[in-house]
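1. here is a sequence with its predicted model. Questions after.
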Amino acid sequence: MTEPVIRPVQQLLRQVFSDEQRETYTDFCNHLENGGSIFPLVEQGVQGLVSHYRMNPDDARAFLRRANSLAVYVRRQFIEHSLRGPQAPVTRPDSGLLSMVAGPSYESLFSTHFDGLCPPQALESIASPVAYLIELLRWIEDKIHAIGGEQKLDLHERRQDLKKLLVDFNAVHQAVSALDIIVPVLETFIEENDSEQDLEEALIQTRYPNGLPYYQHWVTLDFVAREHGLSVGNIAHMVDLAYPYFLQPEAWDNDAGRAFTHASRLGPYQRELLTEAPIEPGDTDARDDYYQCNFGALGTDWVNLDQVKFFGERTGLDTRDIEALLSIREFAPTRSANVSVYDSEQPGADESQRSGSVYLNAATIPALDIDYRQGSEAFLHRLTQAPTIIDRYERMNRKLRLDRWLELPSEQVDALLTAAIRAEARHATPEDPWWISTHQVHALGLFQSLRERYGCSAEDFAAFIDEISIYGRANALSLFDRTFNGQGNYRQPLLLDGATFATLPVQGVAELTISQLCSGLGIDLQTYAYLAVAIERAHKFNGTLRRTPAVISSFYRLVKLPRLLGITPVEGVLMLTLLGGESWVDGLAGLPRVHSRLNSETTPDVLNLIYALHSCVSWCKDREIPVLWMLQQVAPLQALAVATQAEQQLFEQIRNLLPAALFNNAGLSMAGVPSLEGLDWLRLLTELVDPTGLVIDLQLPETDYLNRARVRFDQAIREGLGENDASVRGILVERMLGVLLQAREAQVSVARECLAVYTGLDTERGLLVLTWAQATVYQLLSQVSTRADRDATEALSPAARAAEQPDPLLSLLADVRRRSAVASKLELSAVLLEDFLQYGHTAWMAQDDRHLLSIRTLYYLSALGRAFELSEQPAGKLLDYLRQVNALPDPLTGHALRLAQDAAALRLAAFFDWSVQEVRECVSHIDPELKILKTLPQLDLLMRIRVLARHSGMDALTIFLVGNLPEDVDKDKYRFAAERALLSLSATRESVVAFADEVAQPLVKMKCEVDKTEVVAGKPGEKVLLTVTLTDADDKPLSGVNVYWQVSLGTIVPNATDVDGKVTVEYLPGKVMGQETPLFWLDLIDAQQAPTINISDDAETLSFPGPLTAQVPLELVPAGQEVELYATLRDDYRNPGRNRLVRWSAEPASGSSGSAVIRPGQNYADFEGVTRVYVSSTSGGKFIVSAHCDASDKEALFDPITFTETLTHQ
């Protein structure tokens, strides 16, 4: 008899519970004995068994201990069972060793049910993250949500986006940033809970917690700029036409402050929070609203803000952070022991109102502190000022946020704010000096620029715009002591006691203060002396200086700032002097001031001076120009006291070559000019040549010079020779003029060759540099000749040596040498120099004096070199462009203006290989009125945009939108700029469009027609009508457009097109015959050829003038001998009949017989209209020869020619 099978769960039930207990838990036992599953019981846990089956908790735990083990076992068995297939899988035939011996294999050992398995990482896997997620959600719903209280927060109410999420492979396995997860969650929550409020506006207006306000568009703009290694302020500088500001007389521009503001990396709403007006005392409603908005203190909770614990909770600070904010306890400032310029206001107390927490205390006592209650609860520790007085809580609110935004320790931010406020107060004390103004924001912007570019520290920057710190913090020494007293105790420290010391050291007298300054700053005595003189003048001392923070800070500033920028202190002071004179030096060497620009005469404030130095040094580094070299070229000229070997070689070379190039009597005699008895021609020509034979440069145009020379020669001939015959004088004048021009050219050649050797430049640039140095060939050669005579005299008589005087020749050569160095360093071509000297100094850079060599001159000449580097086209194309745009008629209007604008943009785009549209965008911002780029400042701005576009991937419009963002909030402008700027970070962003990528349509269609192509030279009233038609790409006429012409054999008066786009001009031929192909062009449009015009003779009036025909021989001509005859074709206007066919014939005269031979019988007249033949006769006789012109049907008859008859010998 078979025993009944007892299920394991029933065995478990009998093992755990006694009979009596099983009777107690009837429902529970019935569930299991009737086939119920154990798994729901295990999932319910102890609490579930107690609540559902009223089981004793101990019994429930005893059951679950064994039930868990059983559940794990059963589940494992189920999993293993589900992996098996119903039958052994079919395997492939074995091969190799397995075909000989049956060994173990996976297929033979396991019967895996592969058809029932899912792929690896599949979402439907029971071990996948999806299965875990679903189990977790079920657990939350069954175990947590079911037992929650009345105030429970439902998961799907808090995460209303959760059920809408799509669970797919990407959602499970793709890596995404936390930001991409968090932002949609917050958006959905806000939209579902407050759909009426604008999210962007809410983030802007909300100020609590301290991470707010948050302005998405500014954050985007700042992030994009950071990604490109820039700030929005950098871009604002780049799009400013007045940049770089060191070229401006006041180192300032209207956009400079706005650029500083954006460089601070503070958004408009952050700046608004910092600079808003303080709450008026007694305005309790405004006070309560302020605390609620900025500290999140609802109702009357703000009264607890003086509690350290509550204040820390509201601001996110711990105790040490608050102590650091207040500069107390271990963060308290410690004044240097070497300073005694003022006494402590509260002996024995911390001086946080003077260092560390100056701003929040408004530099007043008693300073804000914490009242610690020893042994009391933490909430009893209180600030020493109640929140009913709001001023310090307001400043703490602004200061804490600024600390976070700048990511700097509290004391460093305080040093920055304090320095900027004090610098502003030196110029004019504001009504509320200890509240942040736009000047402090500008200072923060400059600090951020120096910090990011050079790693400038906050305490250094504070010393640059104020004074060096004399306070340390905890165990750290003050900046003053670390600089001047950090060498240990082996020497006497530098004291700040207000005592005087000599500005310059006296020989033989040791000056300890000077030695301490030199040692601390790492400078030599020569550098110290250079700086000390500037500091003495700036502080208005006389012969002495004082050991005060202001004076010592001036030394620190003039040394550390240039070194931060990568130059020497002397170079820094010299650069300021050359840029703006003594007033600029005084701005840094004296008491630093921060102020607004009042007028063009205002001395730049310290912020502008620092930025001017920074931008000037940056320019030199970008162009690879040594700073010292640049300063030497523009510094006042220092001539050599004595000539060096190079000058001596120049003098020797000129002395050797010059004699052969002089204008003298010998040269005139060789030219056929009679000599003067007892007189010298040079004495009569003193206006043209000097007594040594050097040709004087009259600084006249060539035509005027030649006319003047002819007049003087004619006068000299009348005076010297007494010649009254004008024709004779005219011949002599031309001979003398030829000698003069030859001498002038020879002397120019001497100077050219000698300067080429001296300067190391080519021959053309050498002469141009001489002109640039405000000298002429005559002046150079004259001074060299004078020096040679003086040297010869001194060599014969040393006693006659004159006292040492400045030699103008050496000064001239020093100037030539430095300008040659500039031309060589900047690679200035001869064409560029010639254009600059002729018109460029005025047209390109508005510089009236073409001989002035300044930093501004160097900058813009180097800008041209940069333009050439950015292009692969010849430099001459850009120079041609500048020449043509500056020759445009003024004013330009209508179609002419539009065509010039399009042509200018097209040529610039082709030169810089950039999109025409991008160039147009740039030019429309650079010159909104004319929209034609004409000057080097404009070209420099275009290149900055071009380089930035290539670097960042932003187009020109985006760059201008970002660079022109206002300081005040304009949401549309910020949004539009941010959206466009963000595209530059796209992984699939398009590269900058090049000129070659565009299919350019022709700007204008030009067609030229003529009424005829044949005209007669010299004929009155003869003309050709040329009609030019101009249309645009759409075949619409262009009116008012000037059409220019170039002809050589005639004249054309240019004119502008009419309303039909047509212009008809008259071509008036001259007196010279030939073939003419007129060229016509438009402003900035390349020339085209008109139909060819033939300027010839008048065929109908051609004849053979008698005086121009050959005379026949009067005597008899032997038979067989040839006689040369010629005739000349001329029309009525004296034009030769070139290439006209002439037929010759010879007829026997009356009463004569025989025949004559003409060779050739017909021919064409030559260039002069001459036709030439040879006549002979073997039979003898008398013949009349005639020449016949087919074109005019006219002939010429010659006198009879008689040939002797041939003798017949018997």
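-> Done, it's in.
2. where does the protein have its least confident helix or strand?
-> When the helices and strands of the chain are scored by mean pLDDT, DSSP states H and E, helix 106-109 comes last with a mean of 70.
3. and the gap between the closest residue to L721 other than its chain neighbours and L737?
-> Of all residues not flanking L721 in the chain, P674 sits nearest, at 6.3 Å (CB to CB, 6 or more residues apart in numbering). For every residue, glycine as well, the C-beta is placed using N, CA and C. Using CB to CB, to the nearest Å, P674 is found at 16 Å from L737.
4. same question, L561
-> L561 is 64 Å from L737, by CB to CB.
5. kindly report the same for L1082.
-> According to CB to CB, L1082 stands 41 Å off from L737.
6. so between these two, which is more surrounded?
-> Under the criterion of other CB atoms under 10 Å, the comparison of L1082 against L737 puts L1082 first, with 23 against 17.
7. ok, which stretches of the stretch 501-650 of the chain are strands?
-> Residue ranges of the strands in the stretch 501-650 of the chain, as given by DSSP state E, counting those that start in this stretch, are 544-546.
8. low-confidence ranges, it, go.
-> 508-509, 598-601 (pLDDT under 70).
9. next secondary structure after the least confident helix or strand of the chain?
-> Moving toward the C-terminus from helix 106-109, the next helix or strand (DSSP states H and E) is helix 129-139.
10. and that next one, average pLDDT?
-> Mean pLDDT, helix 129-139: 84.
11. in it, what's buried?
-> Buried positions in helix 129-139, judged by neighbour count with 16 or more other CB atoms under 10 Å: V130.
12. can you check stretch 1151-1160 too?
-> Buried, per 16+ other CB under 10 Å, within stretch 1151-1160: G1154, A1156, I1158.
13. what's the span of stretch 1150-1163, first residue to last?
-> 27 Å (CA to CA, to the nearest Å).
14. please work out which residues outside that stretch touch it.
-> Stretch 1150-1163 is contacted by residues 1122, 1141-1146, 1148, 1171-1183, 1185, 1201, 1203, 1205 when judged by CB atoms under 8 Å, 6 or more residues apart in numbering.
15. do stretch 611-622 as well
-> 243-246, 251, 256, 260, 446, 449-450, 453, 561-562, 565-567, 572, 575-576, 579-580, 584, 604, 625-627, 630, 855, 859, 862.
16. which parts of it are buried?
-> Y611, A612, L613, H614, S615, C616, V617, W619, C620.
17. which member of the residues you listed is positioned nearest G1074?
-> W619 (54.6 Å; CB to CB).
18. any idea how many residues pack against L676?
-> Using other CB under 10 Å: L676 sits among 16 other residues.
19. where does it land in three-state SS?
-> For L676, the assignment made with DSSP: H, G, I helix; E, B strand; the rest coil gives coil.
20. isn't it right up against L721?
-> Yes: in terms of CB atoms under 8 Å, L676 counts as a neighbour of L721; the distance is 7.4 Å.
21. pull out the buried positions in the strand or helix carrying H217.
-> Using DSSP H and E, H217 maps to helix 216-227. If you call a residue buried by 16+ other CB under 10 Å, then helix 216-227 has these buried ones: H217, W218, T220, L221, D222, V224, A225.
22. quick one: residues contacting the closest residue to A846 other than its chain neighbours.
-> Spatially, and ignoring its direct neighbours in sequence, A846 is nearest to T935 (7.3 Å; CB to CB, 6+ apart). The contact partners of T935, by CB under 8 Å, 6+ apart, come to A843, W844, M845, A846.
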